[in-house]
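Asker: predicted coordinates and the sequence they were generated for:
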Amino acid sequence: MRTENSIKNAVFVILGQLLGILLSFISRTFFIRLLNAEYLGVHGLFTDVLSILSLAELGFGSAVIYGLYKPLAIKDEKKIKALMNFYALIYKLVGLAVLVLGLILLPFLTFVIKDTPNIPHLNLIYLLFLFDSVFTYLFAYKRSLIIADQKNYIVTYYSRSFFALVNILQILVLYLTKNFILYLLVQIVFTVIENILLSKKADSMYPFLKTKNKEKLNEADKKELYKNVKAMALHRIGGVAVEGTDNILVSAFVGIIWVGLYSNYLLVLNAINSILNPLFDSVTASVGNLNAVESKEHSFTIYKNMLFINFWLVGFCAISLWILLTPFIVLWIGPNYVMNEMLVTLTVLNFYIKGMRKTTLLFKDAFGLFWNDRYKPVVELCVNLIVSITLATYFGFVGILLGTLISTLTTVFWIEPYVLYKNGFKTTVKDYFLRFSGYSGVLLAAALPARLASLAFSDASLVHFIVRLFICFIIPNLVFILFFYKTAEFNYLFGVLMNIIKKIKVKKVNV
């Protein structure tokens, strides 16, 4: 595995995400103070509608990156250029498809909003969201090349730099004008500029892309690519639809203002994921290389180590969110934006279950196992819609979140590890469920005492929040250490941490 590049990717991405998180919360604070909750709900709803429209991409991006691993590894410039020429055409067609589908959907927007908000130019606002999404597809293929080449830190540098600039300008626009349309126009202008500059950067990194000869894929390569795209299309349909339907269902069954309230909680969860995801994404290409050159036994050992790290990170975050999420919302934007405890618990539980899938999905995708569970997402989507709509009729918002949890547990939760263990590691999936059960039991053993201890500090004050934060840091990690300090996975994690500390010390000495 190209560890140095993986660490470099992770460091750049995490630093960029930390800046992004800070700016996101500052921007959201100004948004809430200067515009009303209906605007917040519309922002969350249209974001999810556009994520549904992104189904036109049909998971092509993952197939693109997987297809580039081998030619990049052996520096086959002719094959890379042939792939990129093909990808460029496909992404232009995808952008056109998203535009057409978005325009077709325009007359039907009122059907997904229970109480139409008193917001002028609602159709124009939707079109601005649509155009921002379409522009991204025109240059996505060059972004994918940089990521596949394990240089994700370059993409992060551009995206985080423009994210910072956009947020600062958007805050300024809101403060001076309180105009949501101008706020969105700033986003569109800088989306275009960022993608153009990143495209030029890719051209400078891979100058052979600019040569005039038009390389074409042979039929065997096209056949393999089409097979992966067909499989990824189903994955994309299920995954995006399940992720994107919660806010749409909330808007249709509960009300647009609740979409706004929920979006504040999702902002916190997304901030956590923006730190966790790069840690896994930055090693995806390395895992792909690992599968190509190492034995299944060695790959399985790496998987178990990463699954343990996955649990530690996601489990610690889940406990902290369960205890700190509501008091953080109160301190940040006030008690009027708080959801009830049942909604918070279900939100955190969905976060944990989804987070624990990260390592399995990483290895499954890096191994190219797209075809084996191609129908899984469609089943998940059907279960999610049927259960969520049924439960929403009786329990409202709680029913929608419960429907998401049930659809996950009855489909992807067990299918993904089954496919990986059977087709990737060639062993029984029993190992996974034993590990997950053990990890979840330890999670509960850590969460309950931490929660009980935090109840003694329930005032909505900064001092009590800091004490709760300290409790979340000490108790869960102490319990994890007590349960796992003798395991091989813990020793691996400890060794990784010590190695990072040594590298930091060496760099300081050299400076």
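Answerer: That came through fine.
Asker: please make it C-alpha for all contacts and neighbour counts, starting now.
Answerer: OK.
Asker: just checking, what packs against the longest helix seen in the chain?
Answerer: When the chain is parsed with DSSP state H, its longest helix is helix 296-333. For helix 296-333, the elements it packs on are helix 3-34, helix 256-281, helix 341-355, helix 358-366, helix 430-454, helix 462-484, helix 488-510, judged by 3 or more CA pairs under 8 Å, 6 or more residues apart in numbering; DSSP states H and E.
Asker: between it and helix 430-454, how many degrees?
Answerer: Helix 296-333 and helix 430-454 are oriented at 30 degrees to each other (axes from the mean of the first three to the mean of the last three CA atoms, to 10 degrees).
Asker: off-centre distance for helix 296-333?
Answerer: Distance of helix 296-333 from its chain centroid, counting by CA atoms, centre = their mean, to the nearest Å, is 14 Å.
Asker: could you give the angle of that helix to helix 341-355?
Answerer: Going by the same axes, to 10 degrees, helix 296-333 is angled at 150 degrees with respect to helix 341-355.
Asker: what residues sit buried inside helix 296-333?
Answerer: Applying a neighbour-count criterion of 16 or more other CA atoms under 10 Å, one finds 296, 299-300, 302-312, 314-329 buried in helix 296-333.
Asker: cool, and stretch 403-412?
Answerer: Neighbour-count burial for stretch 403-412, counted by 16+ other CA under 10 Å, picks out 403-408, 411-412.
Asker: likewise stretch 192-208?
Answerer: For stretch 192-208, a neighbour-count test (16+ other CA under 10 Å) marks 194-195, 198-199, 201-202, 206 as buried.
Asker: cool, and stretch 457-474?
Answerer: Applying a neighbour-count criterion of 16+ other CA under 10 Å, one finds 460, 464-465, 467-469, 471-473 buried in stretch 457-474.
Asker: phi first, then psi, for Thr487.
Answerer: When read as degrees, to the nearest 10, the backbone of Thr487 gives phi -80, psi 160.
Asker: what about it, neighbour count?
Answerer: As a burial measure, Thr487 scores 10 neighbours (other CA atoms under 10 Å).
Asker: likewise for the one 5 residues further on?
Answerer: Other residues lying near Tyr492 total 16 when counted by other CA under 10 Å.
Asker: go on, Leu261?
Answerer: The tally of other residues near Leu261 (other CA under 10 Å) stands at 20.
Asker: roughly how far apart are Ile309 and Phe135?
Answerer: Separation of Ile309 from Phe135 (CA to CA, to the nearest Å): 37 Å.
Asker: ok, now Val42?
Answerer: In this view, Val42 and Phe135 are 21 Å apart by CA to CA.
Asker: okay, the two: which has more neighbours?
Answerer: The residue with more neighbours, out of Val42 and Phe135, is Val42; 24 against 19, by other CA under 10 Å.
Asker: ok, the more buried one touching Gly255?
Answerer: No: using CA atoms under 8 Å, Val42 is not in contact with Gly255, being 10.7 Å away.
Asker: could I get the full set of helices for the stretch 101-250 of the chain?
Answerer: Secondary structure of the stretch 101-250 of the chain (DSSP state H, counting those that start in this stretch): helices at 122-137, 140-148, 152-177, 180-205, 219-253.
Asker: distance from the chain centre to the first one, please.
Answerer: This points to helix 122-137. 21 Å.
Asker: may I have it as PDB, with CA atoms only?
Answerer: Extracted C-alpha coordinates of helix 122-137, given in PDB (Å, rounded to 0.1, in the frame of the first residue of the first chain):
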ATOM      1  CA  LEU A 122     -39.500  29.500  -5.400                       C
ATOM      2  CA  ASN A 123     -39.200  28.100  -9.000                       C
ATOM      3  CA  LEU A 124     -36.200  30.300  -9.700                       C
ATOM      4  CA  ILE A 125     -34.500  29.200  -6.500                       C
ATOM      5  CA  TYR A 126     -35.000  25.600  -7.600                       C
ATOM      6  CA  LEU A 127     -33.500  26.300 -11.000                       C
ATOM      7  CA  LEU A 128     -30.400  27.800  -9.400                       C
ATOM      8  CA  PHE A 129     -29.900  24.700  -7.400                       C
ATOM      9  CA  LEU A 130     -30.300  22.700 -10.600                       C
ATOM     10  CA  PHE A 131     -27.800  24.700 -12.600                       C
ATOM     11  CA  ASP A 132     -25.200  24.500  -9.800                       C
ATOM     12  CA  SER A 133     -25.500  20.700  -9.900                       C
ATOM     13  CA  VAL A 134     -25.300  20.400 -13.700                       C
ATOM     14  CA  PHE A 135     -22.100  22.400 -14.000                       C
ATOM     15  CA  THR A 136     -20.300  20.000 -11.700                       C
ATOM     16  CA  TYR A 137     -20.700  17.100 -14.100                       C
END
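Asker: if anything else comes up later, I'll come back, but that's it for now.
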